[in-house]
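*Asks:* this is a predicted model, with the sequence first.
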Number of protein chains: 2
Amino acid sequence: MQKRSEETRRGIMDAAVQQFSRTGYEAAAVNDICQSAGVSKGAFYHHFPSKQQLFLAIIEDWLKTIDAQLFTQAGDVGNVPQSLNRMAKMLGFVFEAASGQLPMFLEFMVQASRDQAVWDATIAPYRRYQGLFEEMIEKGQGEGSIRPEVNAQTTSWVLISLAVGILLQGVIDPNMADWNEVTRSGVQMILESIQRREA
Amino acid sequence: MQKRSEETRRGIMDAAVQQFSRTGYEAAAVNDICQSAGVSKGAFYHHFPSKQQLFLAIIEDWLKTIDAQLFTQAGDVGNVPQSLNRMAKMLGFVFEAASGQLPMFLEFMVQASRDQAVWDATIAPYRRYQGLFEEMIEKGQGEGSIRPEVNAQTTSWVLISLAVGILLQGVIDPNMADWNEVTRSGVQMILESIQRREA
């Protein structure tokens, strides 16, 4: 029973992503989402009290996937530069998850600019990522792998900006460049400049 | 007379930016744009054969401002690293121009994902910027300021990604960080890693 319910929920979310991508969030009707998911309106509202709640659940679902990857790679194996290089490789998984999702990605941003609850759900995690990078750089300074005069906060924003820029371009123009290589190379360049040089 | 006509055109474009930001492009009616610009429908269609042409004119107008700044700074004063540092400072002007324009910025992207002509107008210049950076890096290798083994193409995508990421965040979350400092610092880091080191 539990499994069945989870499948229904998942089916509604998949149908909603299709519908939001096609018509935009505002124009998407709950009726149409129900029809394409093959569920009753009762079942829909059992899982999601409103279209907004459904939308927030989709954002949360995306972020959970990214979080799981990101925070695992930030872990304790090797020093901080090694962890950052592993995280750079990981962005490839994010690209795969984001592939073909440009319309939905844009819907997130359009709604975030119009709806405080969506804004909070979108902005909060991204500030958390910045905090994660800042802590990693400070840890690197503690372990002696990163130069002590490096500004951890500014550097973490540089890393986030690079990731956001690559992600956006990877979604808009996937075949224009080898985005995995751009990520690897960009992180490598930043690391070269912040790593403690061998005496 | 020429001046009057230019003012009318400008007034329509300003009213359209307001309208598109408020309602989105699809829902924006030419009637409402005319009313808020204080022009007749005849005057509107004299300047813009369609709503799409008006939209394209707004994109072109934004890009002209950016181009003027960017290509001036790329010029011949000093070596390539110095030019790139000047261009980094210039991104501040782009932030000012973009300030408060998030909804319009998102409309560009939403329409680009739905309309081939808008896609072409949005993507073409951004590929041109990548070409500009690639040429600059090759020029730097020629003049000996940038290491010969640096991959000019990948590095130019790293620079573009950083700029796109900072710009998007600066529009979404202007007060979160000092984006001018993040730009300056990020470009400095990339330069440190690609510049020829003193022997």
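*Replies:* Received, thanks. Numbering: from 1, shown residues only, chains lettered A, B, ... in the order given.
*Asks:* what about the longest helix in chain A?
*Replies:* helix A:116-143 (DSSP state H).
*Asks:* what's that one packed up against?
*Replies:* Counting contacts by 3 or more CB pairs under 8 Å, 6 or more residues apart in numbering or on different chains; DSSP states H and E, helix A:116-143 packs against helix A:51-73, helix A:80-98, helix A:102-112, helix A:152-172. In this view, the C-beta of every residue, glycine as well, is placed from N, C-alpha and C.
*Asks:* and those helices as TSV, adding mean pLDDT?
*Replies:* Shown next, in TSV, are the helices and strands packed on helix A:116-143 (pLDDT from 0 to 100):
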stretch	mean pLDDT
helix A:51-73	84
helix A:80-98	81
helix A:102-112	79
helix A:152-172	91
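*Asks:* among the ones you listed, which is nearest B:Q101?
*Replies:* B:Q101 sits nearest to helix A:102-112 of all those, at 13.1 Å, using CB to CB.
*Asks:* got a list of what the residue in chain A positioned nearest to chain B touches?
*Replies:* Using CB to the nearest CB, the closest approach of chain A to chain B is made by A:G165 at 2.8 Å. Contact partners of A:G165, counting by CB atoms under 8 Å, 6 or more residues apart in numbering or on different chains, are B:I160, B:S161, B:L162, B:A163, B:V164, B:G165, B:I166, B:L168.
*Asks:* one more time with 6 Å, if that's ok
*Replies:* By CB atoms under 6 Å, 6 or more residues apart in numbering or on different chains, A:G165 lies in contact with B:S161, B:L162, B:V164, B:G165.
*Asks:* out of those residues, who has the most neighbours?
*Replies:* Counting neighbours by other CB atoms under 10 Å in any protein chain shown, the top entry in these is B:L162, with 29 neighbours.
*Asks:* chain B contacts on chain A?
*Replies:* Counting by CB under 6 Å from any CB of the partner chain, the residues of chain A close to chain B are A:102-103, A:106, A:109-110, A:113, A:154, A:157-158, A:161-162, A:164-166, A:168, A:177, A:182, A:185-186, A:189-190, A:192-193.
*Asks:* hmm, back to that, save the contacts of A:G165 as TSV, and put in distance to B:V39 too.
*Replies:* Converted to TSV, the contacts of A:G165 look like this (distance: CB to CB, whole Å):
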residue	distance to B:V39
B:S161	41
B:L162	41
B:V164	35
B:G165	39
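*Asks:* out of those residues, who's nearest B:H46?
*Replies:* For the contacts of A:G165, the nearest to B:H46 is B:V164 (36.1 Å; CB to CB).
*Asks:* can you tell me the closest non-neighbouring residue to that closest one?
*Replies:* Leaving aside its chain neighbours, B:V164 sits nearest to A:G165 (3.9 Å; criterion: CB to CB, 6 or more residues apart in numbering or on different chains).
*Asks:* and A:R197, that's in a helix?
*Replies:* No - assigned with DSSP: H, G, I helix; E, B strand; the rest coil, A:R197 falls outside any helix and is coil.
*Asks:* what's the burial count for it?
*Replies:* Using other CB under 10 Å, A:R197 has 6 neighbouring residues.
*Asks:* try A:Y126
*Replies:* 16.
*Asks:* wait, A:I146 touches A:G140, no?
*Replies:* Yes - look at A:I146 against A:G140 with CB atoms under 6 Å: they come within range, at 3.4 Å.
*Asks:* what is in contact with those two at once?
*Replies:* Here A:I146 and A:G140 share no contacting residue, scored by CB under 6 Å, 6+ apart.
*Asks:* before we move on, back to that, measure the residue nearest to B:V164 to A:A177 for me?
*Replies:* For A:G165, the distance to A:A177 (CB to CB, to the nearest Å) stands at 12 Å.
*Asks:* again, but for A:Y126
*Replies:* Distance, A:Y126 to A:A177, using CB to CB: 23 Å.
*Asks:* give the burial count for A:D178, as a bare number.
*Replies:* A:D178 has 13 neighbours, counted by other CB under 10 Å.
*Asks:* what is the burial count for the nearest residue to it once chain neighbours are set aside?
*Replies:* Nearest residue to A:D178 in three dimensions, chain neighbours excluded: B:T154, at 7.9 Å (CB to CB, 6+ apart). By the criterion of other CB under 10 Å, B:T154 has 19 neighbours.
*Asks:* surely B:T154 and A:S185 touch.
*Replies:* Yes - contact status for B:T154 versus A:S185: in contact at 4.8 Å, counting by CB under 6 Å.
*Asks:* next, the contact list for A:R114, please.
*Replies:* Contacts of A:R114 (CB under 6 Å, 6+ apart): none.
*Asks:* secondary structure class of it, three-state.
*Replies:* Following three-state DSSP, A:R114 is assigned to coil.
*Asks:* hmm, back to that, and the gap between the residue nearest to A:D178 and B:L167?
*Replies:* To B:L167, B:T154 is 20 Å away according to CB to CB.
*Asks:* do the same with A:G186
*Replies:* Taking CB to CB, one finds A:G186 at 16 Å from B:L167.
*Asks:* tell me which of those two has more neighbours.
*Replies:* More neighbours surround A:G186 than the other of A:G186 and B:L167, with 29 against 22 (other CB under 10 Å).
*Asks:* find the nearest non-adjacent residue to that one, please.
*Replies:* B:V158 (4.0 Å).
*Asks:* and the one you found, how many neighbours?
*Replies:* Neighbour count of B:V158, defined by other CB under 10 Å: 29.
*Asks:* ok, back up a step: may I see the helices and strands packed on helix A:116-143 arranged in TSV, with distance to B:H46 as well?
*Replies:* Formatted as TSV, the helices and strands packed on helix A:116-143 follow (distance: least, CB to CB, whole Å):
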stretch	distance to B:H46
helix A:51-73	42
helix A:80-98	43
helix A:102-112	32
helix A:152-172	34
